[in-house]
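>>> Provide a 3D model corresponding to the input given below.
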Amino acid sequence: MFVRGKIQLGSVLPALVAIVLGGMGSRTAAQPVDAGREVSADRPNLILIYTDDLGFGDVSCYGATQVQTPNVDRIAQQGLRFSNGRCTAATCTPSRFSILTGQYAWRKKGTGILPGDEALIIPTNRTTLGKVFQRAGYRTAAVGKWHLGLGPAGGPDWNKPIKPGPAEVGFDESFIFPATADRVPTVFVRNGTVVAFDPNDPIETNYKQKVGSDPTGKENPELLKMTTTRGHDGTIVNGVGRIGWMTGGRRARWNDEALGLVFVDEAINFIERNKSRPFFLYYAMHDIHVPRVPDTRYKGKSAMGPRGDMILEMDALVGKVLAKLDEERLTSNTIIIFSSDNGPVLDDGYIDGAVAKLNGHKPAGPMRGGKYSILEGGTRVPFLVSWPGVIKPGVSDALVSQVDLVRSFATMTGQKLNPKDAPDSENVLDALLGKSERGRDSVVVAARNRALVKGDWKYIEPQNGPAIMKGADVATGYSPEPQLYNLKDDIAEEHNLASQMPEKLKELQAELQAIEAKGGVWK
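A predicted model of the protein is given here:
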């Protein structure tokens, strides 16, 4: 039987599901749990800690030596560290779309990196990760970075209640900022309303032309406390130039140094308020995205400049969540998934010493590429899963993707999804729980182009483009020729075997084309 912190595991997954869920049984997506029904607190909570721009080699449990991350390492020590864990895209919005919907973002138009005033891009009539847990009787919350659009077609009116948004796609509560910290509007939104909104100071944003009279990075560079290199010469807030222009909302604007602490406090408060019932927390941290402005307590604490300081801050914030679980005696009853939305980037629009102060640190570990890149560094990311007392600690080589969470946790909560829901998501629950060494057979990852990873092999579609991303100093992997790599022998993707192995190339090309042509998905 299952009690808080203890479980007797059977040898097969159905027994595990029945024990964990107390015999909840199978339901389709059209059969949600009654909203008023009391649910046993012994069902495992889930906290998804989603970091931003954190590379495979940026944490010590994956080999970092220039910076130490003891709290992230604790998750690894208490659970599984996946060596082949994937996000679906080398940039933020598409990865976030996929992790919540179970669909590759490239299948749906308009899922590239969004401006801060874009409409919601997740269809409200489809199953999402949040809705999976809602239907299982969990309280759900989204805290942190959103970057999936808000409001109806045409974008949000910041001066009114904003919908659709997180509430319409599976979250009972939300405390977010709309896009990224380097984009306007620089405000928090709680449950569809701008926090500290002043009707006498209405908010307007624009990504095409300047609005209002606030200083900008282009016109007033002397006011900047952080020099920009590209794309961040719009409205200045807190001495930082942003992408886009904003006027109004002065009382509502955030302080960059406090972002991490504000979000972690919201996450901890959610845990406190829901400690006696099952909950799902999507904690999408701002750290370590630009602008890298850590809390004062972490400034200068690393030898790697603000980027290194932000890694330390990120780890400390993770520690606060772990400490809260310990305090409430929820640790053994909570599944934690820790991952990143894409690979690392050094210079991403601000000069903060990230390149000059690497000191031998390798953000992508042994791989080439990073954010924006089709190479392994762009989409092979830290991927940790812990459930103390249930998941046996260790390292897993299973191929798992963030796109699989929807179907895996639908399975765990006894739900059968409608055929059109989560079309690219696979049930890899056995791999996530350490019951199987086998995950997916293959997975598609994307940047400007797409690649198929299958076993030890990776095929990259031809794509014209720069070999090095200008400014970001990231190897892109773009080539007008098809590329084929054996990742077991060549993790850095330096030896293209396409001409030497035409049959293997043809096999993977055909499989990728079949996946790309798959029907029955959202448009």
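>>> tell me where the stretch 1-150 of the chain has helices.
13-20, 70-77, 92-101, 129-135 (DSSP state H, counting those that start in this stretch).
>>> looking at these, which one is packed in the most?
Of the helices of the stretch 1-150 of the chain, the one with the most neighbours on average (mean count of other CB atoms under 10 Å) is helix 92-101, at a mean of 28. All C-beta spots, glycine's among them, are computed from the backbone N, C-alpha and C.
>>> quick one: that one to chain centroid distance?
Relative to the chain's own centre, helix 92-101 is displaced by 7 Å; criterion: CA atoms, centre = their mean, to the nearest Å.
>>> check which helices and strands it sits against.
Counting contacts by 3 or more CB pairs under 8 Å, 6 or more residues apart in numbering; DSSP states H and E, helix 92-101 is packed against strand 45-51, helix 129-135, helix 405-412.
>>> now distance to Gln77 and mean pLDDT too, for those, in JSON lines please.
Formatted as JSON lines, those follow (distance: least, CB to CB, whole Å; pLDDT from 0 to 100):
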{"stretch": "strand 45-51", "distance to Gln77": "15", "mean pLDDT": "98"}
{"stretch": "helix 129-135", "distance to Gln77": "26", "mean pLDDT": "98"}
{"stretch": "helix 405-412", "distance to Gln77": "22", "mean pLDDT": "97"}
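>>> okay if I get the ones you listed as CSV plus distance to Ala447?
Output for the helices and strands packed on helix 92-101, formatted as CSV (distance: least, CB to CB, whole Å):
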stretch, distance to Ala447
strand 45-51, 19
helix 129-135, 23
helix 405-412, 21
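>>> list the contacts of the closest residue to Val321 other than its chain neighbours.
If the residues on either side of it in the chain are set aside, Val321 comes closest to Ala267, at 6.0 Å by CB to CB, 6 or more residues apart in numbering. Taking CB atoms under 8 Å, 6 or more residues apart in numbering, we find Ala267 in contact with Val143, Gly144, Leu281, Tyr283, Val321.
>>> helix or strand: which one has Ala267?
helix 259-273 (DSSP states H and E).
>>> list the buried ones in that helix?
Within helix 259-273, the residues that count as buried by 16 or more other CB atoms under 10 Å are Leu259, Gly260, Leu261, Val262, Phe263, Val264, Glu266, Ala267, Ile268, Phe270, Ile271.
>>> kindly report the same for stretch 282-298.
By neighbour count on 16+ other CB under 10 Å, the buried set for stretch 282-298 is 282-295, 298.
>>> quick one, what contacts the closest residue to Gly102 other than its chain neighbours?
Among residues not flanking Gly102 along the chain, Ala422 sits closest, at 2.6 Å (CB to CB, 6+ apart). With contacts defined as CB under 8 Å, 6+ apart, Ala422 is in contact with Thr101, Gly102, Gln103, Thr127, Val403, Val406, Arg407, Ala410.
>>> what mean pLDDT does stretch 425-436 have?
Model confidence over stretch 425-436 averages 97 on the pLDDT scale.
>>> now swap in stretch 278-298 and tell me
Mean pLDDT, stretch 278-298: 97.
>>> which helix or which strand is home to the residue nearest to Gly102?
Secondary structure assignment for Ala422, by DSSP H and E: no helix or strand.
>>> contacts only, for the nearest residue to Ser425 once chain neighbours are set aside.
Nearest residue to Ser425, sequence neighbours excluded (CB to CB, 6+ apart): Gly102, at 3.2 Å. Gly102 makes contacts with 127-129, 403-407, 421-425, as judged by CB under 8 Å, 6+ apart.
>>> and for Ala196?
Ala196 makes contact with Val187, Phe188, Arg251, Ala252, according to CB under 8 Å, 6+ apart.
>>> could you give me the buried positions within the lengthiest helix in the chain?
Once the chain is assigned using DSSP state H, the helix that runs over the most residues is helix 305-327. By neighbour count on 16+ other CB under 10 Å, the buried set for helix 305-327 is 305-322, 324-325.
>>> same question, stretch 250-257
Ala252, Arg253, Trp254, Asp256, Glu257.
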